[in-house]
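**Student:** next come a sequence and a model predicted from it.
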Amino acid sequence: MTTALIYLQDTDRLTLSATIQAIETDDKGTYLAFNQTVFYPQGGGQPYDTGYIEIPNQSIPVTAVRIIEGIVRHYTSGPIATPENLIGQLATQHIDATRRHLNACYHTAAHLLSHGVEVILPHCLATKGHAFPGEAYVEFTGVSSIPDSFKLLLESTLSAKIAANPSITITETTPEAFKAACPSLPLAPFQTATLRLIQIGSEHPIPCGGIHLKHLAPLGHMLITKTKLKGDQLKVSYALETH
Ligand SMILES: [Zn+2]
């Protein structure tokens, strides 16, 4: 049975009761699987959550999280006492709030950066986001040149969007309805029956299964740290001075 992804419902949720369904080992180490999880598994250019699992008389650290064939694997570096007695038991999941918030900021910022670049370069298309703090960037295609003032223009565009502090909403639709509404956006990576869409204020919606803020203000100040144009591919690196 696949893991119910409760983290999709609310970025601010930090704990969850869940039933332990498996304790196994693969080439990354020993992991626990549950019927549901609040831990974000690595994917979509966003790092995984860390935290711990609370069960009677034990606290098990979670040091890495992955999703494989619909099952979220919560890896632990610590020993697990009497694992054979834990299957079917209820546990409480706790995620690291600081790391979750920072990851949500950097991932949300990648979406915002895409919208900001589209203002300056209307014909570009975002193709890849890597929202790891310290090494974050978004790549675009369809860029022939960028103006000399690109960095300043982009930073002021982003500052204005953050200052307006719009709400960020999550909705669901079908691939067909999304294609009809946004014919210029690619659908290829999204093969499921329902599409989860994130929308920042009145910007166009984007299909995404990541973790997002509810408003833009916590992004603080967004810095463009590097731009690199190679052929028609533009890579824009960024950092945040969050608050
Ligand atoms: Zn997203």
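**Tutor:** Structure's in. What do you need? Numbers count the residues shown, from 1 in each chain.

**Student:** what residues go with each domain of the chain?
**Tutor:** As given by automatic domain parsing, the domain ranges for the chain are 4-95, 100-241.

**Student:** weakest of those domains in terms of mean pLDDT?
**Tutor:** Lowest mean pLDDT of these: domain 100-241, a mean of 91.

**Student:** for it, what is the distance to the chain centroid?
**Tutor:** Centroid separation for domain 100-241 versus its chain: 12 Å, with C-alpha atoms, centre = their mean, to the nearest Å.

**Student:** is the ion contacted by that domain?
**Tutor:** Yes: judged by C-beta under 5 Å from the ion, domain 100-241 and the ion are in contact via Ile198, Cys208, Gly210. Using the backbone N, CA and C atoms, a C-beta is placed for each residue, glycine as well.

**Student:** middle-most residue in this protein, spatially?
**Tutor:** Centroid-nearest residue in the chain: Gly210, 3.2 Å away (criterion: C-alpha atoms, centre = their mean).

**Student:** what's the spacing between it and Ala217?
**Tutor:** Noted for Gly210: a distance of 19 Å to Ala217, by C-beta to C-beta, to the nearest Å.

**Student:** redo the residues of domain 100-241 next to the ion as TSV? Include distance to Pro166 and secondary structure.
**Tutor:** Formatted as TSV, these follow (distance: C-beta to C-beta, whole Å; DSSP: H, G, I helix; E, B strand; the rest coil):
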residue	distance to Pro166	secondary structure
Ile198	12	strand
Cys208	16	coil
Gly210	18	coil
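
**Student:** closest one to Tyr48 out of these, please.
**Tutor:** Checking the residues of domain 100-241 next to the ion against Tyr48 by C-beta to C-beta gives Gly210 as the nearest, at 11.6 Å.

**Student:** in the protein, where's the longest strand?
**Tutor:** Assignment by DSSP state E gives strand 15-26 as the longest strand of the chain.

**Student:** what pairs with whatever helix or strand comes next after that one, parallel or antiparallel?
**Tutor:** Using DSSP states H and E, the helix or strand that follows strand 15-26 in sequence is strand 29-34. Using DSSP bridges, the strands paired with strand 29-34 are strand 15-26 (antiparallel), strand 71-76 (antiparallel).

**Student:** same for the longest helix seen in the chain, what does it pack against?
**Tutor:** Secondary structure of the chain per DSSP state H: the longest helix is helix 97-120. With contacts taken as 3 or more C-beta pairs under 8 Å, 6 or more residues apart in numbering; DSSP states H and E, helix 97-120 sits against strand 125-130, strand 137-141, helix 150-164, strand 195-200, strand 221-230, strand 233-241.

**Student:** now the second one: buried residues?
**Tutor:** Under the neighbour-count criterion of 16 or more other C-beta atoms under 10 Å, strand 137-141 has Tyr137, Val138, Glu139, Phe140 buried.

**Student:** between those, which is nearest the ion?
**Tutor:** Among the buried residues of strand 137-141, Val138 lies closest to the ion (C-beta to the ion), at 11.4 Å.

**Student:** contact partners for that closest one?
**Tutor:** Counting by C-beta atoms under 8 Å, 6 or more residues apart in numbering, Val138 makes contact with Ala110, Leu113, Ser114, Val117, Ala126, Lys128, Gly129, His130, Lys235, Val236, Tyr238.

**Student:** what two of those are the furthest from one another?
**Tutor:** The distance between the two most remote of the contacts of Val138 (C-beta to C-beta) is 14.9 Å, for Val117 and His130.

**Student:** hmm, Phe140 and Val117 touching each other?
**Tutor:** Yes: contact criterion C-beta atoms under 8 Å: Val117 and Phe140 qualify, at 6.0 Å.
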